[in-house]
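J.: Here you go, sequence then predicted model.
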Amino acid sequence: MRYLITGGAGFVGSHLAEYLIHRGDEVVVLDNLLTGSLENIEHLHKSPGFRFVEGSVMDKNLVAEIMEKCDAVFHLAAAVGVKFVMENLVTSIEINVRGTENVLSVAAEGGKKVLITSSSEVFGKSNKASFHEEDDLIIGPPHKVRWCYATSKLLDEFLAMGYFLEKGLPVVIVRLFNVCGPRQTGRYGMVIPRFVKQALNGEPITVYGTGKQIRSFLHVKDAVVGMVGLMEEKRAEGMVFNIGNPQGITIEALAIKVKELTGSSSPIVYIPYEEVYGPHFEDLIYRVPDVNRAKAVIGFQPKYSLEDILKDTISYIKESGNPCST
Ligand code: UDP
């Protein structure tokens, strides 16, 4: 198979590219390097089945030119991270909505299967103990600008559903839940690379809010296996899937775990959200996936624990000279 991976120089996309190349597929990465980086895919250039194209999913002609020679598309190109989105609202909406529109309409012309990566953000402020794909979604009002990301991703999901139902395009929608691991940068706000870097540098570990908010973290290697499994499963077409780790932890407990595993003497400090994100922010208390649907359809079962994620991230940050800018 020859796959197009949009956003393939990003954190998740580069791991996906690596996985597909290693098992013998061909991969074309399209990435504008806005948040992705060449270092993420440097090691893949020596593989004959790998090709990188610098460009944007906003360029429909380019998308069409590349897709013509591919069999299927993993669409990962998107605005990344709460911090980036809150500081770049218009760009984020444009990338997420127009980019996806381009990918789907070009794919429909050629009948190419598409896997759309959505996000657990779409569940919004639900306080259910675990989120199911068919739950109602509780998203805040437009002046709470955080929700622009969820809204744009949700529109992507509806668009994908529309292409599936009205045009017969084979699509799969994946909601990723806090994917972490080597190559993730803290530059766009992600908590694990930020905590690890702070702990390794002996800087204060910055817990936002009370630290009682719960997240569940999925190793990027598990995320890749889930995405590829769903792409290859006929029964997954036209459906939404949670891909995450059902094991939740508070952010406060995460900070303590990072401190322990790094042997750091960093203090843990609590910072009000307003100081970090300004007045137009609200966080969500729970975010834990129900992954039974993915388990039933492709036998999805995360292999890696939070400890594995933290150990891999710590090694990566140490080995690569602490590149995860905070
Ligand atoms: N967070 C934190 N300190 C940081 C960065 C993030 O306490 O330095 C918190 C953040 O407020 C959120 C959780 O960690 O409650 C996960 O944040 P992230 O941005 O990684 O993902 P998301 O908010 O999308 O779940």
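T.: That came in fine, so what should we check first?
J.: Next up, the contacts around the closest residue to the ligand within the stretch 201-326 of the chain.
T.: The ligand sits closest to Tyr208 of the stretch 201-326 of the chain, with a gap of 3.6 Å, by Cβ to the nearest ligand atom. Glycine gets a C-beta too; all of them are placed from N, C-alpha and C. Going by Cβ atoms under 8 Å, 6 or more residues apart in numbering, Tyr208 touches Ile251, Tyr270, Ile271, Pro272, Tyr273, Val276, Asp283.
J.: how far does the lowest-mean-pLDDT helix or strand in the chain sit from the chain's center?
T.: Lowest by mean pLDDT, DSSP states H and E among the helices and strands of the chain is helix 82-87, with a mean of 85. Offset of helix 82-87 from its chain centre (Cα atoms, centre = their mean, to the nearest Å): 14 Å.
J.: in that helix, what's buried?
T.: Judged by neighbour count (16 or more other Cβ atoms under 10 Å), helix 82-87 contains these buried residues: Val82, Lys83, Phe84, Val85, Met86.
J.: And for stretch 279-299?
T.: Phe281, Leu284, Tyr286, Arg287, Val288, Pro289, Asp290, Val291, Arg293, Ala294, Val297, Ile298.
J.: Surely the first one is within a helix?
T.: Spelled out, it's Phe281. No - counting by DSSP: H, G, I helix; E, B strand; the rest coil, Phe281 is not found in a helix; it is coil.
J.: and it, backbone torsions?
T.: phi -130, psi 140 (degrees, to the nearest 10).
J.: OK, contacts around it?
T.: Here Phe281 is in contact with Met86, Lys144, Val145, Arg146, Tyr273, Glu274 (Cβ under 8 Å, 6+ apart).
J.: Quick check, the residue in the stretch 51-200 of the chain closest to the ligand?
T.: Counting by Cβ to the nearest ligand atom, the stretch 51-200 of the chain gets nearest to the ligand through Val191 (3.6 Å).
J.: Could you give the number of residues near the closest residue to that residue other than its chain neighbours?
T.: Among residues not flanking Val191 along the chain, Ile251 sits closest, at 6.5 Å (Cβ to Cβ, 6 or more residues apart in numbering). Other residues near Ile251 number 18, with proximity taken as other Cβ atoms under 10 Å.
J.: For the remainder of this discussion, apply numbering that starts at 158.
T.: With 158 as the first residue, the last one maps to Ile408.
J.: Across the sheet, point out what pairs with the spatially closest residue to Phe209 that is not a sequence neighbour.
T.: Leaving aside its sequence neighbours, Phe209 sits nearest to Val186 (Cβ to Cβ, 6+ apart; 4.9 Å). For Val186, the beta-bridge partners under DSSP bridges are Ile162, Phe209.
J.: Could you do Leu333 as well?
T.: Beta-bridge partners of Leu333, as defined by DSSP bridges: Ser276, Ile400.
J.: centre of the chain versus the longest helix seen in the chain, how much separation?
T.: Criterion DSSP state H: the longest helix present in the chain is helix 304-324. Distance of helix 304-324 from the chain centroid (Cα atoms, centre = their mean) equals 16 Å.
J.: Please list the outside residues in contact with it.
T.: Residues outside helix 304-324 that contact it (Cβ under 8 Å, 6+ apart) are 235-236, 239, 242, 246, 249-250, 253-254, 257-258, 261-262, 264-265, 271, 273, 275-276, 278-281, 294, 296-299, 326-328, 330, 394-395, 397.
J.: Filter those down to the ones in helices?
T.: Among the contacts of helix 304-324, the residues falling in helices (DSSP H) are Val239, Val242, Leu246, Ser249, Ile250, Thr257, Glu258, Leu261, Ser262, Ala264, Ala265.
J.: want to try JSON lines for these, with distance to the ligand as columns?
T.: Formatted as JSON lines, those follow (distance: Cβ to the nearest ligand atom, whole Å):
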{"residue": "Val239", "distance to the ligand": "5"}
{"residue": "Val242", "distance to the ligand": "9"}
{"residue": "Leu246", "distance to the ligand": "16"}
{"residue": "Ser249", "distance to the ligand": "13"}
{"residue": "Ile250", "distance to the ligand": "17"}
{"residue": "Thr257", "distance to the ligand": "19"}
{"residue": "Glu258", "distance to the ligand": "24"}
{"residue": "Leu261", "distance to the ligand": "25"}
{"residue": "Ser262", "distance to the ligand": "29"}
{"residue": "Ala264", "distance to the ligand": "28"}
{"residue": "Ala265", "distance to the ligand": "31"}
